[in-house]
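[1] just need the structure, nothing else, for what follows:
(chains A and B)
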Amino acid sequence: MTRYLIRQTLLSIIKLFIFISIMFFFIQIMMPGDFIDQYSLFCNAECRVRLRAQLGLDLPIWQRYLQWLRQIVTLDLGDSLHGEPIVETLKMVIPATLLVFVTGTIMAFLIGLWLGKRTAWQGSAILSRAATLGGLTLYTTFPPWLTWLFTYLFTKGAGFVAMGEVGGLGQLAFIGLDRLLWADVEVHPSVIAFRMVATLAACALFFYLLKNLIDEFAKHSTPGIIFLALIIASTVGSWYLLDMNILAFDIMKLAWIPLVAYILLTFGETMMIMQASMEEVIKSEYIITAKAKGLPDSVVRERHAARNALLPVISRLVISLPYLITGVVIIESSTDWPGMGTKMWNALYWQDMPLVMDTLLIVGVLSLVARLLLDVITAYLDPRIRYDEKRTLSN
Amino acid sequence: MDPTTNPTLKQATELIRAGDRHQASVLLAKFVEAYPHNEHAWHILSYALEDKEQQIYVLKRALRINPSNPHVKARLDKFSPPAPKSEPPRQPAPISKPISQPAVPIQEAPPPRQGSLLQTAAAAGGIGAPSSPLTRAASQPIVVSKPAPKIPTYEIPKPTKAYGLWHRIKTRATISWRRTKMNWRIFAMSPLAIIGLILIVLFGIMAVAHPILMNTVWPRGIYDPATGFDMMIFPHPSLPGSGHILGTDSLGRDVLSMILAATTPTFTVGITAALTTAIVGTLLSVTAAYFQGKVDFVITNMADVFLLFPAPIIMVIIGARFRDLGPVQLGLFYGLVTGAGATTIVMRAQALQVAAKPFMEAAHVAGGGPWHIITKHLIPSVMPLAALQMMIAVTGAVVADGFISFFGITRTVNNWGTIIYDAFIYGNISGFYGPPWHMLIPAAACFSLFALGFYLVSRGLHRVTSPSLREDH
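    Numbers count the residues shown, from 1 in each chain, chains lettered A, B, ... in the order given. Here you go, the predicted structure:
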């Protein structure tokens, strides 16, 4: 296992390097014009030449590439073309994305699993068909439309205003926070957002382990909804303890729209995969045996069917994980959520290439790490999988 | 139950060699009682017995199990020369126990591996040495005296009539028609799949309807999706009314006409992306599965890299470069990126499973080259999965296309995404009237339903293609 992990990590780094290099050349060669051309209205030809020399844009592309690589290797990302230090920018932007997308992914995954196993178990009941249709319709909904609808319905017509600002660069900030409230707070909202993510993750991990421990000893599995409620309650409680409850609620007031939109847009996929996987498991003979033994329906579903159906779902998620980048861009930029997606989108719009590339790098690193994590989880869940040198047919 | 591996038979052979025939016969009798269909046991037993009659009986039993065992035949010939001729082994045995199973070797296939054990056993033990080549030669004259066995000649029946091209086409057509009918039955079992099909057909009708309507009912000046304007209506984002079933947008264009006109480009994007994905994914995955090893390693890892590429962003960049990018090109790029990424990963797993099956080995042994095996065996067996991936690609491509035209980056003239965008923007400007729902809802619904149709069909296809699901009722 350790050997496998080391090997995969090395491979991941190589893959990341290839990805980043291809993107670097692709974007720079493909995009017409460059950063300076944006300002041609205020700047004549001489001025543009001077500015290019100042920003190093007049160098040939391979030199810029090598410079950029040196920046990454030395972990000194430098400034963006707009003059902001990139590390600071990323520090501001990453917590917001984590808050929405880690929470949203896990919630969507749980909802999808639950609905998937219920609908597959009930088969052709009207209710389960309706749930399937509903989930898939939400999955294929046009994201900007859904987020706009949310904003319009729940913030009294503010949707139009929000939409008008998409695409404008501006200083990316949490638009809509209570200015009075934040006036005498020294820290940036993103720091609060990061603390929110951290507390949530800690609580979720704790109660997940607790649930596993209880399930070991209890005869029937305890309903997950209780633990969900406990997680939420303890997270909110810890916000009170850390004395950031008001600020956190102020952020949540904005965050719930992308969060709920993201959950609604993505749970359909997990639901569909889980359904397909459950349908195959239900046909197998040990399920019939378990039913014939006289076990209650819910026990057969939870303990015998769902656990085995879970594995293909997780290994399929490995594939759809990197699509997160696309989702991040689409959802964040249509709700104006100040995360990595919006930042990258705006930077791309303004051809601020160092910022675009570094954001892509961070997203790539995150998704490859998540992928490795999923590999480990799959190996932990499925005792048949043994990662050794010959991996090709191991699962 | 091979005498070389079975300990009882081995022991019995040892005993016979050592000369303790009685002990061996007791041992073998028990064995034969337990496994009455083991020819070797019967054969060895014949060496253990003293009585000639018993030996003949035992040998006949062995012959009945495997009529082609040469050693048994030779030994039986030695005992009673006329016997094999007059008595076909099918004759009921004199003291037979009821035989419940057919008289064919059901044990492991008789390994005639030199049949040598007994020869050596016999040679070593000095029991008759019946089946050594020498003795067989000695018994030859008797056999020769028999009429030479007539070798049946099998004549290949000549076809009564020549099977021409037409006949072959007809047979093929019948077979594929039957298969289609069966698949259709499986597909139609799920009502959701039927709903999906109906949706796709509906959109197809919409795509066809637009040019017909434009050429017959709708005057071009008023209903043109790009430049139309209705002078008779004054405040221009107008609600649905007579003449304009879905009203007009802020530029005075007919919304229904715009929505209908957007159907064809959307289909084009979706289908181009689907075909590209299928072709690229199939080729890469099949190559990886056939050559395996280093080729597989490279292709898999490149697919992982491609998985990271954000397709809409790439489409935006390409759209920015080549300003007048049509739906075909957009679909092509989307298909390339997803085909080399996700589709390859999914299909490679399937192709590897197929490549490990025995019929592939048979194809190799039969002398099939890579081209033959890939085109005749691998590709047909991953085709259903490719169809499934195509449907999923349509959904992705349409959403991505809508997204980038929503942000107005490509110059796609007319799209459901741009209709929504226009509604947002002009609704924002003329906020007084409230949001133009008559534009938003139809466009958004078209978007959702179009993608949904393909998704539902892909679910139905999944049921058809996965064998474990299709067995149910």
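
[2] so A:Pro32 makes contact with B:Phe322?
    No: with contact defined as CB atoms under 8 Å, A:Pro32 does not reach B:Phe322; the gap is 9.3 Å. For every residue, glycine as well, the C-beta is placed using N, CA and C.

[3] domains in chain A, as residue ranges please.
    A:2-73, A:91-394 (automatic domain parsing).

[4] run the chain-centre distance for stretch B:175-192.
    Averaging C-alpha positions (CA atoms, centre = their mean, to the nearest Å) puts stretch B:175-192 16 Å from its chain's average.

[5] residues making contact with it?
    The contact list for stretch B:175-192 (CB atoms under 8 Å, 6 or more residues apart in numbering or on different chains) reads A:129, A:132-133, B:193-194, B:456, B:459-461, B:463-464, B:470, B:473.

[6] circling back to that earlier point, reformat the domains of chain A as JSON lines; add mean neighbour count and mean pLDDT.
    Converted to JSON lines, the domains of chain A look like this (neighbours: other CB atoms under 10 Å in any protein chain shown; pLDDT from 0 to 100):
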{"stretch": "domain A:2-73", "mean neighbour count": "14", "mean pLDDT": "83"}
{"stretch": "domain A:91-394", "mean neighbour count": "18", "mean pLDDT": "78"}
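
[7] just the closest residue of chain B to chain A, please.
    Nearest residue of chain B to chain A: B:Ala451, at 3.6 Å (CB to the nearest CB).

[8] and the residue nearest to that residue when sequence neighbours are not counted, what does it touch?
    Excluding the flanking residues, the one nearest B:Ala451 by CB to CB, 6 or more residues apart in numbering or on different chains is A:Thr140, at 3.6 Å. Neighbouring residues of A:Thr140 by CB under 8 Å, 6+ apart: A:268, B:395, B:399, B:447-448, B:451-452, B:455.

[9] I'd like the residues you listed as JSON lines, with secondary structure appended.
    What follows is the contacts of A:Thr140, written out as JSON lines (DSSP: H, G, I helix; E, B strand; the rest coil):
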{"residue": "A:Gly268", "secondary structure": "helix"}
{"residue": "B:Thr395", "secondary structure": "helix"}
{"residue": "B:Val399", "secondary structure": "helix"}
{"residue": "B:Phe447", "secondary structure": "helix"}
{"residue": "B:Ser448", "secondary structure": "helix"}
{"residue": "B:Ala451", "secondary structure": "helix"}
{"residue": "B:Leu452", "secondary structure": "helix"}
{"residue": "B:Tyr455", "secondary structure": "helix"}
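
[10] CSV please, covering those and showing distance to A:Ala255.
    Listed next are the contacts of A:Thr140 as CSV, based on distance: CB to CB, whole Å:
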residue, distance to A:Ala255
A:Gly268, 22
B:Thr395, 28
B:Val399, 24
B:Phe447, 26
B:Ser448, 25
B:Ala451, 27
B:Leu452, 28
B:Tyr455, 29
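
[11] of the residues you listed, which pair is most distant in space?
    A:Gly268 and B:Phe447 (14.9 Å; CB to CB).

[12] residue in chain A with the shortest distance to chain B?
    Counting by CB to the nearest CB, chain A gets nearest to chain B through A:Thr140 (3.6 Å).

[13] for that residue, phi and psi?
    phi -100, psi 10 (degrees, to the nearest 10).

[14] how about A:Asp79?
    phi -110, psi 160.

[15] what sits against it?
    A:85-86, A:354.

[16] mind checking the SS state of A:Ala233?
    Secondary structure state of A:Ala233, per three-state DSSP, is helix.

[17] ok, now how distant is it from A:Leu200?
    Noted for A:Ala233: a distance of 12 Å to A:Leu200, by CB to CB, to the nearest Å.

[18] once you drop chain neighbours, what's closest to B:Leu284?
    In space, and not counting its chain neighbours, B:Leu284 is closest to B:Thr344: 4.5 Å by CB to CB, 6+ apart.

[19] would you say that neighbour is within a strand?
    No: applying three-state DSSP, one finds B:Thr344 to be helix, outside a strand.

[20] what's the helix or strand for the closest residue to A:Ser234 other than its chain neighbours?
    Leaving out its chain neighbours, the residue that sits closest to A:Ser234 by CB to CB, 6+ apart is A:Cys203, at 4.6 Å. Per DSSP states H and E, A:Cys203 falls inside helix A:189-217.

[21] repeat that for A:Leu11.
    Assessed by DSSP H and E, A:Leu11 sits inside helix A:2-30.

[22] OK, contacts around the residue nearest in space to the middle of chain A?
    Geometric centre of chain A, nearest residue: A:Phe101, 3.6 Å, by CA atoms, centre = their mean. Counting by CB under 8 Å, 6+ apart, A:Phe101 touches A:262, A:324, A:327-328, A:339.

[23] ok, how many other residues are close to B:Pro211?
    12 (other CB atoms under 10 Å in any protein chain shown).

[24] and it, how far from B:Ala362?
    The spacing between B:Pro211 and B:Ala362, counted by CB to CB, is 53 Å.

[25] for A:Trp145, same thing?
    Counting by CB to CB, the gap from A:Trp145 to B:Ala362 is 54 Å.
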